[in-house]
Each structure stands twice: as structure tokens, then as C-alpha cells.
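**Q** The amino acid sequence is not available; the structure is as follows:
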DNA sequence: GCGGTTATGTCAGCCGCTGACATCACACTA
DNA sequence: TAGTGTGATGTCAGCGGCTGACATAACCGC
């Protein structure tokens, strides 16, 4: 139908589309320029061309704008653990889960680096990062329990996995010519095993 | 000397002593009665007989009133690790550190329980708890490095220790007739070892 | 006594965050 | 074509956490 070629002149639409995306962009830019603390939500909103109130409709709080895609990683890890071969011992299943997640991050080292620098510069953001890791550990523990692992072994294995992952991830973003993340992860699990022998 | 029996009438002193202690008490009580979110700093200050401003002179933020004694625990752990026999492998040294800390908590299970219930009921407080654990892990890692343990093993061993401690602590507060904390801790370290075999 | 120190009070104000209500393009239906 | 939602946004008032700046007065050492 010819109805689809209506001229959507700017004057016709009430608001620019994708205000959420614009808010994310504006926030990232301002955090980089001024720092997290020094950036007010009002300033983010203004740069995005919306109201402060609209910011809080899209993000639960100021920090959340940096942690929007956090669930995808957790889902990947949990999925990997769930689908690990049922006869694997707990920690091996956990290792498989994190290996699965590694592929999801592999191409995005540059982005991960920028983000982790902003986070490293602000204690409040580190808290949020830790919450995310704790949430991953809880979800992995839950998944292990569903595989028949009893407490407290399920939670402990999950925490060991998170520790290994965190260590590997830290190395990965810190070194420019780092090996593949999955390789670093499997190495970290190896080191955990070696530490307890 | 007779100078010590001066009558310190209330009217003589400008302020009641130990305002920090009164603030802690008032906060604990109000958090228990109303919950953390519903308790305002103004209310805490009023019950303690001081100004809101004074609260923030003693505690960096509202949550900190629950985490005041956190450094003592960390110091005990770090001290225990530092003074462990130098020829012990990393994880064994860490285990000794946490065993040292156990004694510090042993008599305070009731208090620890009340505190952990308040924390469990509020996400913001859980963040702070995680920060505390992360800070302990960082300090333990540092201590291991001073003992000659290289990265990333130092950080990994520290994280493993924190995971074991956290697991043991959780069991300890959760069960009324729990064994001694030190016993649970050594058991948790044993489970960590078993998981990696 | 005297001056510095220390703990507190007082006040103004920013900023994160929320609830309540108004607005108006758009989509859907009769 | 008119009427009727619906959903994303704006507007406004306000609370509560938190801070800086300055004043006050007991205490401590000299």
C-alpha cells in the first residue's frame, strides 16, 4: 500500500526514537569524559534529549546503565553447566559452563576493557560488579543442585568457578596480546586444582 | 589522688560520651523494628541523641553502621596468614588465617545471626557484604604475595579461602546447634580440596 | 590561665530517586 | 471517520542520603 511512504518528517513525531539507546550512549560518553561520580543523571538526560525522569524509567538506577546486558552472560554460563555431560564431576561441569561463556565475550575485548576501566575507577560500580558475580555463583550453584550435587558442595564449586573465571577475565583484559579467554579459563581451573593438591 | 572522684554530673559534660556506640545501638534496634530501608538516618540520630550530621561523621554512609567492626576480622585473618609457618603451601596458610579469625567470632554467634538476617533482607547491604569479602580476599592475596606466592595463584588461593570461609560461616549462623566455627571452616577447606580431585 | 584540638551543632544545598498526574502521537475498532 | 485506548514521555513536588562550611565549647597540654 502507498500508506507506507508517508513522510515521517521530524515535526510529525512526538519524540526521537530509541531514547534508551541515546541514554546509554550519552552516559558512556559522559562517564568517560567526567567520571562516574561527577556525571549527574540530569546531564545524561539532557545530552540524550530527554528528562531525568525518563532515565529512571529505563534504568533502575544510575549504575544500571552500565550493566544492562548482564543477564546474557549469566544465561550462557548456566546453560553451559546445565548441558554438560551428566556424569562429569561438579567442578568439571562448572568449567564447561564458563568455557561456553568465553565464546560470548571473545570478540569484545576492547569494549570489556573500556567498561572495566570505568568500573575500576569507582567503588560503587565495583559493588555492582561483585553482585553480578555473586548472582552468577548463585545461579550456577542452583544448576548444580539440579544436577544432584548436594550443599555445600554445589555452592562451593560454583564459587570456585567464579573465582577461576574472574582471575582469567582479569588477565584477559589486562594484557593486550592475551591468549583466547577460553584458554585462560581452562588454565585457571588447572591452577585451582593445583593449589589444593 | 582525690582528683579522680570529681562528680561528673551530667550537667557538667557537653555531650554524652560514646555517641558512636549509641548510634550503632540505635541503628541496630531501628533496623530490626522497621527494616533497613524504612529507617532514616535522621531517626537513628534522634534516638541516639545526636544530629544527622554526626552520624555521617562516624560512618561513611548508612550501611557502614553495620560493618564497623569489619576491619578487625580482616586484620585477624591477614595476621593469621602472615604468621603461618613459611613452608606451608599457599592454601594451607590461608586456612590457618581463617582459623585464627574463627576464634574472634566464636562467642558472638547470636549477634552474627541478627546481623546476617538484616543483611539478607536488603540487597544494598548484601553488596556491602560482598565488598567486605572482596577486600578480605585482596588483603589475603597481598599477604600471600609477600610470602612469595606468585600471581595468579595468590589471588586464586585467597578467593578459595574466602569461599570456604563464607560457606562455613553461612552454615554456622544458620544452624542453632552448630559445631565450632573453626571446625566448620576446616571442613569447608577439606571439601574444596575434595572438589578438585 | 591560654591556645590548640576535638567532637559536635547548625545551616544550606546537591543529587539520586519516586509517586502522581497530564499530554499527545499512534494504533485499533466500530 | 470518529471515538477510544495505550504507551512513552513530560511536569512537578518532595523525600532522604550525603557534603561543605562555619560556629561553638569542652577538653588537654603547656
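**A** That came through fine. All of these numbers come straight from a predicted model, not from anything done at the bench.
**Q** low-scoring stretches of chain A, by residue?
**A** Along chain A, the parts satisfying pLDDT under 70 run over A:1-12.
**Q** Where do the helices of it begin and end?
**A** Along chain A, counting by DSSP state H, helices occupy A:19-34, A:41-48, A:52-58, A:70-82, A:90-106, A:109-120, A:123-146, A:153-174, A:181-195.
**Q** Near DNA strand C, which residues of chain A? Just list them.
**A** Residues of chain A found near DNA strand C (Cβ under 7 Å from any atom of the strand) are A:8, A:12-14, A:39-42, A:52-53, A:56, A:60-63. All C-beta spots, glycine's among them, are computed from the backbone N, C-alpha and C.
**Q** Any idea which residue is closest to the centre of chain A?
**A** Central residue of chain A (Cα atoms, centre = their mean): residue A:70, 3.6 Å from the mean position.
**Q** what residues are up against it?
**A** For residue A:70, the contact set (Cβ atoms under 8 Å, 6 or more residues apart in numbering or on different chains) comprises residue A:132.
**Q** Residues of chain A that sit close to DNA strand D?
**A** Counting by Cβ under 7 Å from any atom of the strand, chain A comes close to DNA strand D at A:15, A:19-20, A:49-51, A:53-54, A:57-58.
**Q** Go again with 6 Å.
**A** A:15, A:19, A:50-51, A:53-54, A:57 (Cβ under 6 Å from any atom of the strand).
**Q** In these, find the pair that's most separated.
**A** A:15 and A:53 (13.4 Å; Cβ to Cβ).
**Q** on that earlier part again, and the furthest pair within the residues of chain A next to DNA strand C?
**A** By the measure Cβ to Cβ, A:12 and A:63 form the most distant pair in the residues of chain A next to DNA strand C, at 36.0 Å.
**Q** neighbour count winner among those two?
**A** Higher neighbour count among residue A:12 and residue A:63: residue A:63, with 18 against 8, using other Cβ atoms under 10 Å in any protein chain shown.
**Q** wait, isn't the more buried one in contact with residue A:126?
**A** No. Look at residue A:63 against residue A:126 with Cβ atoms under 8 Å: they stay out of range, at 10.3 Å.
**Q** coming back round to it: would you mind giving the helices of chain A as CSV with distance to residue B:137 added?
**A** Listed next are the helices of chain A as CSV, based on distance: least, Cβ to Cβ, whole Å:
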stretch, distance to residue B:137
helix A:19-34, 26
helix A:41-48, 32
helix A:52-58, 33
helix A:70-82, 21
helix A:90-106, 19
helix A:109-120, 16
helix A:123-146, 10
helix A:153-174, 9
helix A:181-195, 14
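**Q** Deepest-packed of those helices, please.
**A** helix A:153-174 (a mean of 23; mean count of other Cβ atoms under 10 Å in any protein chain shown).
**Q** between that helix and helix A:181-195, how many degrees?
**A** Counting by axes from the mean of the first three to the mean of the last three Cα atoms, to 10 degrees, helix A:153-174 lies at 130 degrees to helix A:181-195.
**Q** and helix A:153-174, how far from the chain's centre?
**A** Mean-position distance between helix A:153-174 and its chain equals 14 Å (Cα atoms, centre = their mean, to the nearest Å).
**Q** tell me what that helix is packed against?
**A** When contacts are defined as 3 or more Cβ pairs under 8 Å, 6 or more residues apart in numbering or on different chains; DSSP states H and E, helix A:153-174 sits against helix A:90-106, helix A:109-120, helix A:123-146, helix A:181-195, helix B:153-174, helix B:181-195.
**Q** Turn these into a markdown table, columns for distance to residue B:103.
**A** Listed next are these as a markdown table, based on distance: least, Cβ to Cβ, whole Å:
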| stretch | distance to residue B:103 |
| --- | --- |
| helix A:90-106 | 31 |
| helix A:109-120 | 35 |
| helix A:123-146 | 27 |
| helix A:181-195 | 25 |
| helix B:153-174 | 13 |
| helix B:181-195 | 7 |
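**Q** Figure out which of those helices is closest to residue B:28.
**A** Closest of the helices and strands packed on helix A:153-174 to residue B:28 is helix B:153-174, at 16.1 Å (criterion: Cβ to Cβ).
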